[in-house]
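A.B. asks: 3D model of this:
(one chain, ligands or ions: 2)
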Amino acid sequence: MRITALAGGVGGARFLRGLRRHLDSRDDGPHDLTIIANTGDDITLFGLRVSPDVDTLLYTLGGGIHEGQGWGRADETFALQGELAAYGVEPQWFGLGDRDLGTHVARSMWLAQGQSPSQVTERLAARWGLPEQRVQLLPMTDAFVETHVVVEQDDQQQAVHFQEWWIRMQAAVPAQRFVVAGLDRASAAPGVLDAIRSADVVLLPPSNPVVSIGIILLVPGVRDALRGTSAPVVGVSPIVGGGPVRGHADACLKALDVEVSPSGVASLYRDFLDGWLVDPADAASFSGPAALTVRDLPLLMKDAASTDAIAAAALDLALTLRA
Ligand code: GDP
Ligand code: CA
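C.D. replies: Ligands and ions are numbered 1, 2, ... in the order given. So this is what the prediction gives:
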């Protein structure tokens, strides 16, 4: 079976690690998993290109993630950032550990040598053992793109990098809108559209619907591929009990004037979504199109067992819709 998933960072990575475990436990394998990662979060810091969602996927699937935090490396130290702080080098609000910096140095060096983000991601993924797991990790585009957030400060509209809004401002300043710099020149990375069109099943993990999955959907051709694929498209709600489990997805949805609920998120995917998982806490209040098949089950990824159960339910619903 060929499964394709769109993903942001922590929510996407945890779900996909559970999906990989579930796939390995089935007796109808082997199964291939292609992940299309959001690169709108990418940022250049200290001259290094950082790709937070790609790195969270690499570290989580490769066994190097800081489990408690959900991002960054386990057993991390911050010697280099301390040295930069001593020189007064900004910014200091973005945490970059020493081990993590190894990834950014390698990426930046390979990019400077002329390799594409796809090629660089493939090299990084090799180190983390993704090919052996039959996982292919693709950046959504090889173009240089960055999500910016338009905010109002001192009666002036101003655009800040997504990371600055998310981390430094903690999304406390209302977003007026999101713009993706560079997207007008972007095309989908090699393999991305094919992976959607030729998949047996397409899954949307509980990633941020606006700044993770929403950005991937803006890459030319992606939305059309989702509308046109013969594979069922099944998603998992990132909103549980009327709020985001972690992060500021509520602030993102408000900027789009979309209700902070599984119904609101599903409405963003209405032109291609076939199946939708919601938490029992939201099941009674859910409303969506009659053609959408909805199942409810506990959607908190508390541990491996609960995460694997969510992944199994998403796949199961997709396979039911395929039959
Ligand atoms: P990010 O790039 O690191 O922000 O990660 P993603 O975009 O992949 O995922 C963030 C989303 O995951 C947030 O909007 C959360 O609401 C959602 N999320 C995090 N943990 C859980 C969980 O345990 N269950 C569900 N259903 N959603 C979760
Ligand atoms: Ca992200």
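A.B. asks: Which elements pack onto the particular helix or strand that has Leu138 in it?
C.D. replies: In this structure, Leu138 sits in strand 135-139 according to DSSP states H and E. Contact analysis of strand 135-139 by 3 or more CB pairs under 8 Å, 6 or more residues apart in numbering; DSSP states H and E lists strand 32-37, helix 52-62, helix 117-127, helix 192-197 as its packing neighbours. Backbone N, C-alpha and C define where each C-beta goes, glycine included.
A.B. asks: swap the cut-off to 6 Å and go again
C.D. replies: Contact here means 3 or more CB pairs under 6 Å, 6 or more residues apart in numbering; DSSP states H and E; on that basis strand 135-139 packs against strand 32-37, helix 117-127.
A.B. asks: and Ser285, which of those is closest to it?
C.D. replies: When the helices and strands packed on strand 135-139 are compared by CB to CB, strand 32-37 sits nearest Ser285, at 30.7 Å.
A.B. asks: Please name every helix or strand in contact with that closest one.
C.D. replies: Packed against strand 32-37, as judged by 3+ CB pairs under 6 Å, 6+ apart, are the following elements: strand 2-7, helix 52-62, strand 135-139.
A.B. asks: returning to what we had before: could you export the helix or strand just after the strand holding Leu138 as PDB, CA atoms only?
C.D. replies: Going down the chain from strand 135-139, the next helix or strand is strand 146-153, by DSSP H and E. Extracted C-alpha coordinates of strand 146-153, given in PDB (Å, rounded to 0.1, in the frame of the first residue of the first chain):
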ATOM      1  CA  GLU A 146       8.700  31.700   4.100                       C
ATOM      2  CA  THR A 147       5.400  32.200   5.900                       C
ATOM      3  CA  HIS A 148       5.100  35.800   7.100                       C
ATOM      4  CA  VAL A 149       2.400  37.100   9.500                       C
ATOM      5  CA  VAL A 150       0.800  40.500   9.000                       C
ATOM      6  CA  VAL A 151       0.200  42.100  12.400                       C
ATOM      7  CA  GLU A 152      -0.900  45.600  13.400                       C
ATOM      8  CA  GLN A 153       1.600  47.400  15.700                       C
END
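A.B. asks: Any residue of strand 146-153 touching ligand 2?
C.D. replies: No: Strand 146-153 stays clear of ligand 2 (CB under 5 Å from the ion), getting no nearer than 9.0 Å.
A.B. asks: Enumerate the positions of that strand that are buried.
C.D. replies: Glu146, Thr147, His148, Val149, Val151 (16 or more other CB atoms under 10 Å).
A.B. asks: Can you pick out the most distant pair from the residues you listed?
C.D. replies: Maximum pairwise distance in those, criterion CB to CB, is 15.4 Å, between Glu146 and Val151.
A.B. asks: Let me see the ranges of the helices in the chain.
C.D. replies: Remark: helices assigned in the chain by DSSP state H are 10-25, 52-62, 79-86, 98-112, 117-127, 162-163, 192-197, 213-216, 222-228, 249-255, 262-268, 280-283, 304-322.
A.B. asks: Mind exporting the C-alpha coordinates of the first one to CSV?
C.D. replies: Extracted in CSV, the C-alpha atoms of helix 10-25 (Å, rounded to 0.1, in the frame of the first residue of the first chain):
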residue,chain,number,x,y,z
VAL,A,10,5.1,18.0,16.2
GLY,A,11,1.5,17.0,15.6
GLY,A,12,2.3,15.5,12.2
ALA,A,13,5.5,13.8,13.3
ARG,A,14,3.9,12.1,16.4
PHE,A,15,1.0,10.9,14.3
LEU,A,16,3.2,9.6,11.5
ARG,A,17,5.5,7.7,13.9
GLY,A,18,2.4,6.0,15.2
LEU,A,19,1.3,5.3,11.7
ARG,A,20,4.7,3.8,10.8
ARG,A,21,4.4,1.5,13.9
HIS,A,22,0.9,0.5,13.0
LEU,A,23,1.9,-0.3,9.4
ASP,A,24,4.7,-2.5,10.6
SER,A,25,2.3,-4.4,12.9
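A.B. asks: How about it and ligand 2, any contact?
C.D. replies: No: Helix 10-25 does not reach ligand 2 (CB under 5 Å from the ion); its nearest approach is 7.5 Å.
A.B. asks: what pLDDT, on average, does that helix get?
C.D. replies: Average pLDDT, helix 10-25: 98.
A.B. asks: what do you get for the shortest one?
C.D. replies: Regarding helix 162-163, the rounded mean pLDDT is 97.
A.B. asks: Mind listing residues that contact it?
C.D. replies: Asp41, Ile43, Thr147, Val149 (CB atoms under 6 Å, 6 or more residues apart in numbering).
A.B. asks: what do you get if the cut-off is 10 Å, keeping everything else the same?
C.D. replies: With CB atoms under 10 Å, 6 or more residues apart in numbering as the test, helix 162-163 has contacts from 40-43, 45, 50, 52, 91, 93-94, 146-149, 169, 171, 175, 178-180, 211, 215, 252.
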